[in-house]
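Undergrad: mind looking at a prediction? Sequence and model below.
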Amino acid sequence: MPKTKVKKIESTKLPSLEKLSLKDIEAGKKLFSKKLYFKLGIKNQKDLPQNDLPEVAFAGRSNVGKSSLINNLTFQKNIARVSKKPGSTQQINFFEIPEMLRIIDLPGYGYAKVSKSEKKEWNTLIEQYFLINSSLNRVFLLIDSRRGIKDSDINFMKNLEKFAIVFEVIVTKIDKLDYKKARKLVLEIEKINSTFTTAFPRVILTSSINGLGLDKLRAEIFTLLI
């Protein structure tokens, strides 16, 4: 899909994007030009680190592209391990720009082949993280453009609202859709967002193939640190 068509969706349907100035975009690039380090991965709530840095988390269905997005966002090819197998992220992974920012990669949800006990353990761990974490500024909820928004995504939104956590939707792999389908998806997400009090009124369209939307996302995260 031509890049200009996606830009048209962003500028006409999502005017709040205009609040991200060129200064913010440059500051976002500067922030993420700093090296991001893997800090730790946890499977037990007792291992949750101290809330000593601002945090943003990335969530979404299994195989939605969280690892690819984190790698491209941070200009680091392999900081987050990319797997073609759904359900590969089985812990909460913490990455850090020292003294500035912590990025959280949450386990993917909606993977049917995971046992009920494993799902329960993951859900409990994530809920404990939400419950005790006072440094979490935003959860970026990733939606695969090819699959659209599913019941499991809406259920996760409900969980975020229960914990009074602000979330913002990011559509991944937008290069896979033509303009008409992309616009329809944006409108559907906006309609669903309007039913949640903690949904941020912006949808960011991204592509790890051509880099679309990554500058805006970097700028968005930078503004959360000000």
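TA: Sure, I can see it.

Undergrad: ok, and what's touching the longest strand seen in the chain?
TA: Longest strand in the chain by number of residues, with DSSP state E as the criterion: strand 136-144. By Cβ atoms under 8 Å, 6 or more residues apart in numbering, the residues outside strand 136-144 that reach it are 54-61, 63-66, 69, 104, 106, 129-130, 149, 153, 156-157, 160, 165-173, 185, 189, 200, 217, 221, 224-225. Any C-beta I mention is one placed from the backbone N, CA and C, and that applies to glycine too.

Undergrad: just the CA trace of the helix or strand following that strand, in PDB.
TA: Later in the chain than strand 136-144, the nearest helix or strand by DSSP states H and E is helix 151-162. Extracted in PDB, the C-alpha atoms of helix 151-162 (Å, rounded to 0.1, in the frame of the first residue of the first chain):
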ATOM      1  CA  ASP A 151     -12.700 -10.300  21.500                       C
ATOM      2  CA  SER A 152      -9.500 -11.100  23.400                       C
ATOM      3  CA  ASP A 153      -8.200  -7.600  22.600                       C
ATOM      4  CA  ILE A 154     -11.400  -6.100  24.000                       C
ATOM      5  CA  ASN A 155     -11.200  -8.300  27.100                       C
ATOM      6  CA  PHE A 156      -7.600  -7.000  27.600                       C
ATOM      7  CA  MET A 157      -8.800  -3.400  27.300                       C
ATOM      8  CA  LYS A 158     -11.400  -4.200  30.000                       C
ATOM      9  CA  ASN A 159      -8.700  -5.500  32.200                       C
ATOM     10  CA  LEU A 160      -6.600  -2.300  31.700                       C
ATOM     11  CA  GLU A 161      -9.600  -0.100  32.500                       C
ATOM     12  CA  LYS A 162     -10.200  -2.200  35.700                       C
END
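
Undergrad: buried residues in helix 151-162?
TA: Residues of helix 151-162 classed as buried by neighbour count (16 or more other Cβ atoms under 10 Å): 153, 156-157, 159-161.

Undergrad: which among the contacts of strand 136-144 end up buried?
TA: Using 16+ other Cβ under 10 Å as the burial test, the contacts of strand 136-144 include 55-61, 63-66, 69, 104, 106, 129-130, 149, 153, 156-157, 160, 165-173, 185, 189, 200, 217, 221 as buried.
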